[in-house]
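**Q** output the structure for:
(chains A and B)
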There are 2 protein chains.
Amino acid sequence: MKQRCAARLALGCGLALGLSAGVWAEEPIQPVEAVKPANPALVELGKQLYFDRRLSKSGAISCNSCHDLALGGVDNLPSSIGDHWQQGPINAPTVFNSSMFLAQFWDGRAKDLKEQAGGPIANPREMASSHTLAVATLRTIPGYRVAFKKAYGSDTIDIDRVTGAIAAFEQTLVTPDSRFDRYLRGDKQAISAEEKAGYELFKSAGCVACHNGPAVGGRSFQKMGLVAPYVTSNPSQGRYDVTKNEADRMVFKVPSLRNIELTYPYFHDGGAKTLSQAVQTMGRLQLGRNFSADENARIVAFLKTLTGKTPDITLPHLPPSSDATPAPQPFDH
Amino acid sequence: MKQRCAARLALGCGLALGLSAGVWAEEPIQPVEAVKPANPALVELGKQLYFDRRLSKSGAISCNSCHDLALGGVDNLPSSIGDHWQQGPINAPTVFNSSMFLAQFWDGRAKDLKEQAGGPIANPREMASSHTLAVATLRTIPGYRVAFKKAYGSDTIDIDRVTGAIAAFEQTLVTPDSRFDRYLRGDKQAISAEEKAGYELFKSAGCVACHNGPAVGGRSFQKMGLVAPYVTSNPSQGRYDVTKNEADRMVFKVPSLRNIELTYPYFHDGGAKTLSQAVQTMGRLQLGRNFSADENARIVAFLKTLTGKTPDITLPHLPPSSDATPAPQPFDH
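**A** All right, here's what the predicted structure looks like:
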């Protein structure tokens, strides 16, 4: 008993009054756990590739262009800018905590981060390269030969290894230690009374039906516009575009609410500029509920406690091209 | 005498055989010195602004877009991509060691880094914002209020402070400790016999007439095409565009050769894809000399010893916009 009290004391006074360690097992939301990479050389290679514009045809667009790690892992635009300033079809989802999602892209068409990473490289509206050109480019860069050897044991460069390394890096991009996670772990002072009330409302109103788990979302596909249809000029039909099943029309992967304070604008079309607007629309369309201004503010206050510690990323020192490296084509048509 | 020998021993065996400490005073090139910032909070603010896309109208272009610190402080494109994918008029010069230049831009139209930093923000072909909009945007971001207060003592945000902070950050972007600098400091083994021969040729052929000083350039304006005219479709007339003085036609700031291995393609129009091509063209047009293949290779080998230690940059955690922040305009015309 004495030992138990000492442990409680060490964890802070919050414990004795409210949640105790492990109690989050009974909560619909769990803390984000830090990640220790099994293969640091693979992660380092993935980081290089993540920041390398040479994976695009123009030589100007990298993964980080749309999933900026200095921002919330997004570009904060309604939809992204692709090759030749083409308007992207959908809002860029955050890369932070994305390893926790049941699938990748809003419509879930990629089963995991590795499969996802190959998409934008070869998408003519995004990076506009091809897997063949991207791999051929990397093969001419001596520094990458060395890095692939370090990461994989041999200096073979193929698209499988490229996307595998990017995914390995992305798996490290988690954001633990938010105020809400500290609360879940027993520090009752970590969030204010208003924020706590917002969490209670978030649960009782039914938001947690979809926004749950460690990522507070990302675990299921759900219809956007359950009670009333979501009106948008965005042409995406969500899962339907993948399955061609009528029941999947406007069914999207539930976005994570982790760091939602940083990932504006909201929804697959970027249609909600502020968190307050997004909460109001969700209440109306998904729950048939018109939150009062107070209720809205409370939920927004709670959502801001989900901002975690985004990782400290040291920019890679990218290896230079060689004379044999294909020239980028920024202004060709 | 005994003490002197001990000191020599500590600096490595190279000393006894050749250059001794300080001897670079007699050389046309001097080592790059590391920089210790006087005001770390100002540098940190400058770093945030350097990476912040919200200084552009589209919300997509930051200083780092064209002067990528993961590459050689450049974008490695013949000319940069501006707002709405407009083709820039000139090759983006490196930001590394740029504080050592006598003026900024190829035509020297800005007297220092602070003046330079304001240019691209308001240039309709580059970031396409205005100083008014950029400042108004920053003022709505609470995290910037805090950062400006830390850096400047008050939370006033104006363009003078914005560009001052960016310049303060850029002044830290030096690349000391290249192999050539280690050679200059007395470590004779730091470069090979071929690289040394390349340096001797670089001096005897007359390259050092323009490429000298710690930045190996950046100290004077010189005519591009001294012996024979430089043929290019690029419309820039260099200093002439600033002074309207006929004698200044095709007179450009001499670029730094520091990290030249990383800053391809070369010349103000990005017309030379490889270092070997650049050396050959320079020999022909500036010195009236046709370097043999061996001579060319030797000079290229020397130039690659000028690659220094680019700084380890930790990405900033940019403060989020508020509901009052003007929305970016990526697709408006």
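**Q** count the residues that sit near the closest residue to A:Gly225 other than its chain neighbours.
**A** The shortest distance from A:Gly225 to any non-neighbouring residue, by Cβ to Cβ, 6 or more residues apart in numbering or on different chains, is to A:Leu285 (5.0 Å). Where C-beta positions appear, they are placed from N, C-alpha and C, glycine not excepted. A:Leu285: 18 surrounding residues under other Cβ atoms under 10 Å in any protein chain shown.
**Q** check A:Thr132 too.
**A** By other Cβ under 10 Å, 10 other residues sit near A:Thr132.
**Q** do the one 10 residues further on as well
**A** Burial measure for A:Pro142: 14 neighbouring residues, criterion other Cβ under 10 Å.
**Q** same check, this time on the one 3 residues further on
**A** For A:Arg145, the tally of surrounding residues (other Cβ under 10 Å) stands at 17.
**Q** tell me which parts of the stretch 201-333 of chain A are close to chain B?
**A** A:261-262, A:264-265, A:273-274, A:276, A:310, A:312-318, A:320-321, A:323, A:327-328, A:330-331 (Cβ under 8 Å from any Cβ of the partner chain).
**Q** how about a cut-off of 7 Å?
**A** A:261-262, A:264, A:273-274, A:310, A:312-318, A:320-321, A:323, A:327-328, A:330-331 (Cβ under 7 Å from any Cβ of the partner chain).
**Q** inside strands: which ones of the residues you listed?
**A** With DSSP state E as the criterion, strands contain none of those.
**Q** re earlier: show me what contacts the residue nearest to A:Gly225?
**A** A:Gly225, A:Leu226, A:Val227, A:Ala228, A:Tyr230 (Cβ atoms under 7 Å, 6 or more residues apart in numbering or on different chains).
**Q** buried residues, the one helix or strand it maps to. List them.
**A** Assigned by DSSP states H and E, A:Leu285 falls within helix A:275-287. Neighbour counts over helix A:275-287 (16 or more other Cβ atoms under 10 Å in any protein chain shown) mark A:Leu275, A:Ser276, A:Gln277, A:Ala278, A:Val279, A:Gln280, A:Thr281, A:Met282, A:Gly283, A:Arg284, A:Leu285, A:Gln286 as buried.
**Q** other residues contacting stretch A:294-311?
**A** A:32, A:96, A:172-173, A:175-181, A:191, A:194-195, A:197-199, A:201-202, A:216, A:257-262, A:275-276, A:279-280, A:291, B:317.
**Q** give me the subset of those lying in helices.
**A** A:179-181, A:194-195, A:197-199, A:201-202, A:275-276, A:279-280 (DSSP state H).
**Q** for these, which one is nearest B:Arg145?
**A** Nearest to B:Arg145 among these: A:Leu275, at 19.7 Å, using Cβ to Cβ.
**Q** is it true that the closest one touches A:Ile260?
**A** Yes. Look at A:Leu275 against A:Ile260 with Cβ atoms under 7 Å: they come within range, at 6.5 Å.
**Q** ramachandran angles for the residue of the stretch 51-200 of chain A found nearest chain B?
**A** Residue of the stretch 51-200 of chain A nearest chain B, by Cβ to the nearest Cβ: A:Trp85 (3.9 Å). Recorded main-chain torsions at A:Trp85 are phi 60, psi 30, according to degrees, to the nearest 10.
**Q** kindly report the same for A:Ile81.
**A** phi -100, psi 120.
**Q** domains in chain A, as residue ranges please.
**A** A:16-33+A:176-306, A:40-170 (automatic domain parsing).
**Q** and the ones you listed, which is most packed in?
**A** Comparing the domains of chain A by mean neighbour count (mean count of other Cβ atoms under 10 Å in any protein chain shown), domain A:40-170 comes out on top with a mean of 21.
**Q** so how far is that one from its chain's centroid?
**A** 14 Å (Cα atoms, centre = their mean, to the nearest Å).
**Q** can you check stretch A:308-323 too?
**A** How far stretch A:308-323 lies from its chain's middle: 19 Å, per Cα atoms, centre = their mean.
**Q** span of it from start to end?
**A** This stretch, stretch A:308-323, spans 43 Å end to end (Cα to Cα, to the nearest Å).
**Q** please convert the buried members of the residues of the stretch 201-333 of chain A next to chain B into ChimeraX selection syntax.
**A** The buried residues among these can be selected in ChimeraX (16+ other Cβ under 10 Å) with this line:
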select /A:261,262,264,273,274,310,313,315,316,317,318,320,321,327,328,330
